[in-house]
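> Here is my input; please provide its structure:
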Amino acid sequence: MTIDQTITLRNGVTMPSIAFGCAFGDWVGGSEFQGFLPEQAWRAIPMALDAGYRAFDGAHAYGTERIVGASLGQRFASGALTREDIFITTKLAHPRTSPEVNISHLRTWNADEVEDIGQRVLDDMMRSLDDLALGYVDLLLIHWPGPFENRDAALARDARRTIWRTFMALHDKGAARAIGVSNFTTAHLRELVEDDQLTTPMVNQIEAHPYCRDRDIEAYCREHGIVITAYAPFASGALGMLGDPVLTAIANKHDVAVGQVVLRWHLQSGRAVLPKTSKAHRMRENLDVFGFALDEEDMAAIDALGSGAPRRTCADPNDVV
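Residues are numbered from 1 along each chain as shown. Now for the predicted structure:
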C-alpha cells in the first residue's frame, strides 16, 4: 500500500503527513517534575532538521517557539532552507491546568477570566509569530475546546465561537494558511459548525495510538473532510505500549522497529502523525516508514488493541463541556 508523504487539506494546502512534535517535558508521572522543559528543544530541533523533518508542531503554551524560530533562522540565513520548505503548526487558547503542573500562567488562560477573548487570541498569535520570527504559520489550531474545570456549557460554546471567528479572520488575512482544532470531540465540532454556519475546521489533532481510539470522532472527521492528526502516537512512552507483544511480532515480521509499525499504522489509517524523540537515530527511523506496508492482518491486529475504553496519557476531551 502506497502512502503519500503529504496530505492535502480541504482548502488545498499541502501538509506533511509526519511532523516533529515540539512539546518537551513530562505529563504522565514518569518523573517528579510535571510540565514543559523547553530547554530540551535546543538540541532536538536542529537534530530533527538534520534528520530531514520539515514540519514542526508547536504551541504557544509549550515555550519552544523561540527555539524553533532561532533554529530555522540559522538555516534560512545560510540558504540551506527557505520558508516555503517548512510547515509550521501552532496552537492557541490552552486552558489553565492544575497547580502542580508547571505551565506559565502567561501562556494559558480560561475564557471566563479574559475580558476580550478575541483580542487575547490575537495578542497570543502575535507573540507566537514574534517568537517564531515568522510572518505566518501554516496551520493554526485551537489547543483545547475549553477550560478543564468549567461546567458552564453555554459559556464554553460561546468562547469557542469567538475564538474560531478570530481564527477565520487570521486565515483571511494570511496569518495562518490553514486553521483547525485540537482535542475536539464530535459534540464540540458539531456545535462549532452549526453556530452561524462557521467554516469547518481543516484538522483535528487528538491523542491517538493503538491503546487510544475514538472511532466516533474519526468517522465524523472523515465524513466532513477533517484531517485527523495523532499526537502522543507512542502513548508518550507510557503504558508499556512499545513493548506490546502484538506490535513486537509485527515489527519482527517486517524487520522494522515497533515505533515504525505504529507510525505506519497511523498513516495507512489516514491519519497524520506527530512523533517526538530526543535521539537522532530514532528521528531518522520515524521518518523511514514509507518503504514497507502493513497487510490487512497486521492492521486488524493493531486495531484490536484499541477495542476497549481509550487509555489516555493526556486529559480526556470528553470531560470538557
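> any idea how far residue 55 is from the residue nearest to residue 52 when sequence neighbours are not counted?
With Cβ to Cβ, 6 or more residues apart in numbering as the criterion, residue 52 has its nearest non-adjacent residue at 5.4 Å, and that residue is residue 287. C-beta here means a position set from N, CA and C on the backbone, and glycine is covered the same way. Going from residue 287 to residue 55 by Cβ to Cβ, to the nearest Å gives 11 Å.
> and for these two, which residues touch both?
Contact criterion Cβ atoms under 8 Å, 6 or more residues apart in numbering; residues shared by residue 287 and residue 55: residue 18.
> where along this protein do the helices fall?
41-51, 65-78, 117-132, 153-172, 186-194, 215-223, 245-254, 258-268, 280-287, 296-305 (DSSP state H).
> Mean neighbour count and distance to residue 180 for the ones you listed - can I get that in a markdown table?
Output for those, formatted as a markdown table (neighbours: other Cβ atoms under 10 Å; distance: least, Cβ to Cβ, whole Å):
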| stretch | mean neighbour count | distance to residue 180 |
| --- | --- | --- |
| helix 41-51 | 19 | 22 |
| helix 65-78 | 18 | 18 |
| helix 117-132 | 18 | 15 |
| helix 153-172 | 18 | 9 |
| helix 186-194 | 18 | 10 |
| helix 215-223 | 15 | 10 |
| helix 245-254 | 16 | 29 |
| helix 258-268 | 24 | 17 |
| helix 280-287 | 18 | 22 |
| helix 296-305 | 15 | 25 |
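> Any idea which of those helices gets closest to residue 2?
Closest approach to residue 2 among the helices of the chain is made by helix 258-268 (10.0 Å; Cβ to Cβ).
> got the angle between the closest one and helix 245-254?
90 degrees (axes from the mean of the first three to the mean of the last three Cα atoms, to 10 degrees).
> May I have the strands that pair with the helix-or-strand element of the chain with minimal mean pLDDT, each with its orientation?
One helix or strand of the chain scores below all others by mean pLDDT, DSSP states H and E: strand 25-26, with a mean of 84. Strands adjacent to strand 25-26 in the sheet, as given by DSSP bridges, are strand 35-36 (antiparallel).
> Turn the helices of the chain into JSON lines, including mean pLDDT.
Output for the helices of the chain, formatted as JSON lines (pLDDT from 0 to 100):
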{"stretch": "helix 41-51", "mean pLDDT": "98"}
{"stretch": "helix 65-78", "mean pLDDT": "98"}
{"stretch": "helix 117-132", "mean pLDDT": "98"}
{"stretch": "helix 153-172", "mean pLDDT": "97"}
{"stretch": "helix 186-194", "mean pLDDT": "94"}
{"stretch": "helix 215-223", "mean pLDDT": "95"}
{"stretch": "helix 245-254", "mean pLDDT": "98"}
{"stretch": "helix 258-268", "mean pLDDT": "98"}
{"stretch": "helix 280-287", "mean pLDDT": "97"}
{"stretch": "helix 296-305", "mean pLDDT": "97"}
